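Novice: following is a predicted model, sequence given first.
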Number of protein chains: 2
Amino acid sequence: MSKGIVSRSDNYSQWYNDIVKKAGLADHSAVRGCMVIKPHGFAIWENMKVQLDRMFKETGHVNAYFPLFIPKSFLSKEAEHVEGFAKECAVVTHHRLMNDPAGNGVVVDPSAKLEEELIVRPTSETIIWNTYKDWIQSYRDLPILVNQWANVVRWEMRTRPFLRTAEFLWQEGHTAHATKEEAIEEAEKMHEVYTRFAEDYMAMPVIKGVKSEHERFAGALETYTIEALMQDKKALQAGTSHFLGQNFARAFNVTFLNENNQDELVWATSWGVSTRLVGALIMTHSDDQGLVIPPKLAPIHVAIVPIPKPAAEIDEVALKIKAQLEGKGFSVVYDTDLKKRPGFKFAEHELKGVPVRLAIGKRDLENRQVEVARRDSQEKKQIPLDGVVTYVAELMDEIQNNLFKRALKFRADNTHTVHSWDVFKETIETKGGFVKAHWDGTTETELRIKDETKATIRCVPLDDDTESGLCVYTGRPSERKVIFAKAY
Amino acid sequence: MSKGIVSRSDNYSQWYNDIVKKAGLADHSAVRGCMVIKPHGFAIWENMKVQLDRMFKETGHVNAYFPLFIPKSFLSKEAEHVEGFAKECAVVTHHRLMNDPAGNGVVVDPSAKLEEELIVRPTSETIIWNTYKDWIQSYRDLPILVNQWANVVRWEMRTRPFLRTAEFLWQEGHTAHATKEEAIEEAEKMHEVYTRFAEDYMAMPVIKGVKSEHERFAGALETYTIEALMQDKKALQAGTSHFLGQNFARAFNVTFLNENNQDELVWATSWGVSTRLVGALIMTHSDDQGLVIPPKLAPIHVAIVPIPKPAAEIDEVALKIKAQLEGKGFSVVYDTDLKKRPGFKFAEHELKGVPVRLAIGKRDLENRQVEVARRDSQEKKQIPLDGVVTYVAELMDEIQNNLFKRALKFRADNTHTVHSWDVFKETIETKGGFVKAHWDGTTETELRIKDETKATIRCVPLDDDTESGLCVYTGRPSERKVIFAKAY
């Protein structure tokens, strides 16, 4: 089976597109910038959703659903928000089509023009805070801990499947609180939930930090972010959690009576991750053979291939192993397709990222053993038949851990601390990766560095490295090093 | 606690709106015809989704996701479909806003007009069949068994929460097959899945049937439907499954090479249920005290109320019962709110439709018993403490069955077989309910009956009653009786 995947070293960008296409994750659609998420890609997103939704509920959140459309005027209510979000978006102006009087299909009915245009939500702060106004009267109505799973649209000019599409799927949490402290605690809690999800489920190490003022969400006082490093040494923002202060409450006049019977503005957070995570997953683990999926998110954990084809004695053993693995919560396929040869099947399961493959032939059965191949390292081993179920179950943890460790090592190998502007420029240009450097804290310097190197401040990390120093660009005092990188 | 719910007999329509509002199911939004689904309403929909999704996967389907937008020209490709769907819909004409030069917020940027308008999907047959064209080359690519969970928009003039809204949530299955027989089998299989879901989970009896030609889905050769009877004796179409023949394959030129290497058009089905089911659930079981939810779909199964308030010895017993019930898969709240009195809590849990309430006071504990109240019949019983967990677990089945039986009896009591036009008219006008009558099979007669009585043919039932007779309106021959009713 020729997989038709360009190697990462030859053309990383093409490699990514090849994986998306050949592993059956997504397709381009007839609508500019919108993708079709194919069953295998959607199954990965579904597995992400299940875990995230559980984590949200465990931290006290409930789901709800708000309208797809936002009245145009809502977007202007929060001054910074409109700058950030009201520009490139889908605008609904009419509510009816009619048969073309000239006989050419259908045309927009000019008499069905909306009084006020509607925007397809690029994010839902405005429509939600307009709703919260009705939900919140007193401190007894707080906190509100709501999440929404939804589609959103941002009219991006340059799109790539999963990484940047005009329509994408995401979740957006929107919470309302009586105090500033509680809202900050919430934003930080969800930052931590995203970190745990990225590291424990996606096996993708992330740097926790806050955004610079310039990179903050439009309308936020603080944006917490998790930043991951892709195999081409570019950074990817994987999730953000925003402390919004009282900005949206002020814009939509949402107040509550506190315990002393005084009116106060409500405090807010919002936080979200999207189908972009599927892109991040691909670019963190996959290789030139295809997709690599950590077991905790894999739609299929084990593929069993009969060698060279199904036979009564092989079927019996395979189906028994399948049932036992399923009993342990794994998803297993026994690939009995007669039209495909074993080598083709091996390549196909490899391409689709199935973590473990078992091959069972008659000779194996005579020796009472099974060939176990792991996707991450592509190692193969003969394992005694009696112990294979336990072995595979343990191997899943081993693979999950190995993927994380491998990605962590890659990140460590590609994180550079620099102290001079020349080395900064050279590192960004020739090595890539995360570059830790001192920065004087001004947007002006940040923009100049971006202008000269295309590197942006990914975050001010929340780690222990709080040593002060001198800005790598201006030489002015810096409180701590920040993380620069070229980014998706 | 004054619930503020009008009684069904006084004003059924207001009663429905009161339940939706007071039980916290949905709110109107700032966007005409779009609702906000509140957490309690969304939790019911989530429980429906979990069961339906499981049933779809058990019957071999996988999920995928297709674009929100459909190019306008796609809608004209299938002649009947455009008549049915291309009219009242949200039309995107521009992709950018800009700051108003006059300084009044934002306005549509006239330079950002789309070359071709995009329609927010009212249903996805067209965009999906345009995609399937790329997915299907040979018989080996068939069948395709895909489902999508999505939001859709139909610009309805008169809307009601859940029952008819401009935007609603649904699932739409879209399958592709090599033969007519297989496609019909699929459409019938999903019809049966919907029937099982309605009856076994929603405890809502439905009549299985097919639509008359006039009532068929735009583009279908056969529409299978399940029809339920609401408490105001109006019918509600709860789910449909369509055999689409080769209409969409023809419109989008989707062919496959069969085993004899000949090109053939692909056969199609589509099938869907929506958040309308939440409205159906409310109107099937609820009463003047509030919502009634069958246990299999209840977000909370049991509310435990300490009498008159929490105390160490009550807490200990309540938390033990809670843990044991949770161990059996039930969702339990122990309502320790100090700001509310027991009577208020009782009314609140009743309003929200919690199937079972336990009340535990100190005297109960001395007598080693607990008061168990069931929501469906509002009966209360003292149950020995030692057996209460088993009792409650069994009571859930009992309530589920009782709700179904009660609804079945209501339907039987309100199904009338009539043989003359006078009785038909009088029955529709004074009694309502399902009216079984002979019909001559013509659209002309169907429309005249609708014109004179507002009753429509809900379905040609797939039951055993195939006795022929004479049309109740024209006296012409009729092959079998069909079901008429006024409908939502």
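Specialist: Now that the structure is in, tell me what you want to look at. Everything quoted here is computed from the prediction, not taken from an experiment.
Novice: show me what from the stretch 201-350 of chain A comes close to chain B.
Specialist: Selection of the stretch 201-350 of chain A residues close to chain B by C-beta under 8 Å from any C-beta of the partner chain yields residue A:339. Every residue, glycine included, has its C-beta placed from N, CA and C.
Novice: at 10 Å what do you get?
Specialist: Counting by C-beta under 10 Å from any C-beta of the partner chain, the stretch 201-350 of chain A comes close to chain B at A:275, A:299, A:337, A:339.
Novice: right, and residue A:110 touches residue A:98 too?
Specialist: Yes: here residue A:110 reaches residue A:98: they are 8.9 Å apart, a contact under C-beta atoms under 10 Å.
Novice: the more surrounded of those two?
Specialist: Per other C-beta atoms under 10 Å in any protein chain shown, whichever of residue A:110 and residue A:98 has more neighbours is residue A:98, with 14 against 9.
Novice: contacting residues around the nearest residue to the more buried one once chain neighbours are set aside?
Specialist: Setting aside the residues directly before and after it, residue A:98 is nearest to residue A:109 in space (C-beta to C-beta, 6 or more residues apart in numbering or on different chains), at 4.2 Å. The contact partners of residue A:109, taken as C-beta atoms under 10 Å, 6 or more residues apart in numbering or on different chains, are A:94, A:95, A:96, A:97, A:98, A:99, B:87, B:88, B:91.
Novice: just the buried ones from the residues you listed, in PyMOL syntax?
Specialist: Per 16 or more other C-beta atoms under 10 Å in any protein chain shown, the buried members of the contacts of residue A:109 correspond to this PyMOL selection:
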select buried, (chain A and resi 94+95+96+97+99) or (chain B and resi 87+88+91)
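Novice: which of the contacts of residue A:109 sits closest to residue A:251?
Specialist: When those are compared for distance to residue A:251 (C-beta to C-beta), residue A:95 wins out at 27.1 Å.
Novice: so the closest one touches residue B:92, yeah?
Specialist: No: shown here, residue A:95 and residue B:92 do not form a contact pair, counting by C-beta under 10 Å, at 11.2 Å.
Novice: give me the common contacts of the two.
Specialist: In contact with both residue A:95 and residue B:92: A:118, B:120, using C-beta under 10 Å, 6+ apart.
Novice: drop anything exposed from the residues of the stretch 201-350 of chain A next to chain B.
Specialist: Listed as buried from these are A:275, A:299; burial here means 16+ other C-beta under 10 Å.
Novice: which one of the residues of the stretch 201-350 of chain A next to chain B is nearest chain B?
Specialist: Using C-beta to the nearest C-beta, residue A:339 comes nearest to chain B of those, at 7.4 Å.
Novice: got the contact list for that closest one?
Specialist: Shown in contact with residue A:339 (C-beta under 10 Å, 6+ apart): residue B:140.
Novice: what strand or helix carries it?
Specialist: If you go by DSSP states H and E, residue A:339 is not part of any helix or strand.
Novice: how far off helix B:39-58 does the one helix or strand residue A:45 maps to point, in degrees?
Specialist: Element membership of residue A:45, judged by DSSP H and E, is helix A:39-58. Inter-element angle recorded for helix A:39-58 and helix B:39-58: 150 degrees (by axes from the mean of the first three to the mean of the last three C-alpha atoms, to 10 degrees).
Novice: mind listing what's buried in helix A:39-58?
Specialist: Across helix A:39-58, burial judged by 16+ other C-beta under 10 Å covers A:39-49, A:51-53, A:55-56.
Novice: and the residue nearest to residue A:462 when sequence neighbours are not counted, how far from residue A:223?
Specialist: Spatial nearest neighbour of residue A:462, chain neighbours left out: residue A:208 (4.9 Å); criterion: C-beta to C-beta, 6+ apart. Going from residue A:208 to residue A:223 by C-beta to C-beta, to the nearest Å gives 12 Å.
Novice: tell me where chain A has helices.
Specialist: With helices called from DSSP state H, chain A shows them at A:12-22, A:39-58, A:72-75, A:79-85, A:125-135, A:180-196, A:247-252, A:276-285, A:312-327, A:342-352, A:362-366, A:388-413, A:421-426, A:443-453.
Novice: related to what we said a few turns ago, pull the most distant pair out of the contacts of residue A:109.
Specialist: Across those, no pair lies farther apart than A:95 and A:99, at 16.2 Å, counting by C-beta to C-beta.
Novice: next up, the contacts around the residue in the stretch 101-250 of chain A that chain B sits nearest to.
Specialist: Residue nearest to chain B within the stretch 101-250 of chain A: residue A:105 (3.4 Å; C-beta to the nearest C-beta). Contacts here follow C-beta under 10 Å, 6+ apart; on that basis residue A:105 touches A:97, A:99, B:72, B:73, B:74, B:75, B:76, B:77, B:82, B:86.
Novice: repeat that with 7 Å
Specialist: By C-beta atoms under 7 Å, 6 or more residues apart in numbering or on different chains, the contact list for residue A:105 reads B:73, B:76.
Novice: backbone dihedrals for it, please?
Specialist: Dihedral angles of residue A:105 (phi, psi; degrees, to the nearest 10) stand at phi 70, psi -140.
Novice: let's check: the centremost residue of chain A is which one?
Specialist: In chain A, the residue lying closest to the centroid (C-alpha atoms, centre = their mean) is residue A:277, at 1.9 Å.
Novice: check contacts around the residue in the stretch 351-488 of chain A positioned nearest to chain B.
Specialist: Residue nearest to chain B within the stretch 351-488 of chain A: residue A:352 (13.2 Å; C-beta to the nearest C-beta). Neighbouring residues of residue A:352 by C-beta under 7 Å, 6+ apart: A:23, A:40, A:290, A:291.
Novice: what is the burial count for the residue lying closest to the last one once chain neighbours are set aside?
Specialist: Taking C-beta to C-beta, 6+ apart as the measure, residue A:291 lies nearest to residue A:353, with 3.3 Å between them; neighbours along the chain are not counted. Residue A:353 is flanked by 28 other residues according to other C-beta under 10 Å.
Novice: hang on, residue A:353 packs against residue A:294?
Specialist: No: counting by C-beta atoms under 7 Å, residue A:353 stays clear of residue A:294, with 9.2 Å between them.
Novice: can you map out the strands along the stretch 201-350 of chain A?
Specialist: Using DSSP state E, counting those that start in this stretch, the strands of the stretch 201-350 of chain A run over A:207-210, A:222-229, A:235-245, A:255-257, A:263-265, A:267-274, A:302-307, A:332-334.
Novice: which strand residues bridge the closest residue to residue A:367 other than its chain neighbours?
Specialist: With C-beta to C-beta, 6+ apart as the criterion, residue A:367 has its nearest non-adjacent residue at 7.7 Å, and that residue is residue A:382. With DSSP bridges as the criterion, residue A:382 is bridged to residue A:371.
Novice: quick one: residue A:382 from residue A:314, how far?
Specialist: From residue A:382 over to residue A:314 the distance is 16 Å, taken as C-beta to C-beta.
Novice: more crowded one of these two?
Specialist: residue A:314 (22 against 13).
Novice: and the gap between the more buried one and residue A:385?
Specialist: Applying C-beta to C-beta to residue A:314 and residue A:385 gives a distance of 12 Å.
Novice: same deal with residue A:354?
Specialist: From residue A:354 across to residue A:385, the span is 21 Å (C-beta to C-beta).
Novice: who's more crowded, these two?
Specialist: Using other C-beta under 10 Å as the criterion, residue A:354 and residue A:385 rank with residue A:354 on top: 26 against 17.
Novice: give me the pLDDT for that one.
Specialist: At residue A:354, the predicted lDDT confidence score is 98.
Novice: let me see the contact set for it.
Specialist: The contact partners of residue A:354, taken as C-beta under 7 Å, 6+ apart, are A:298, A:300, A:302, A:303, A:375.
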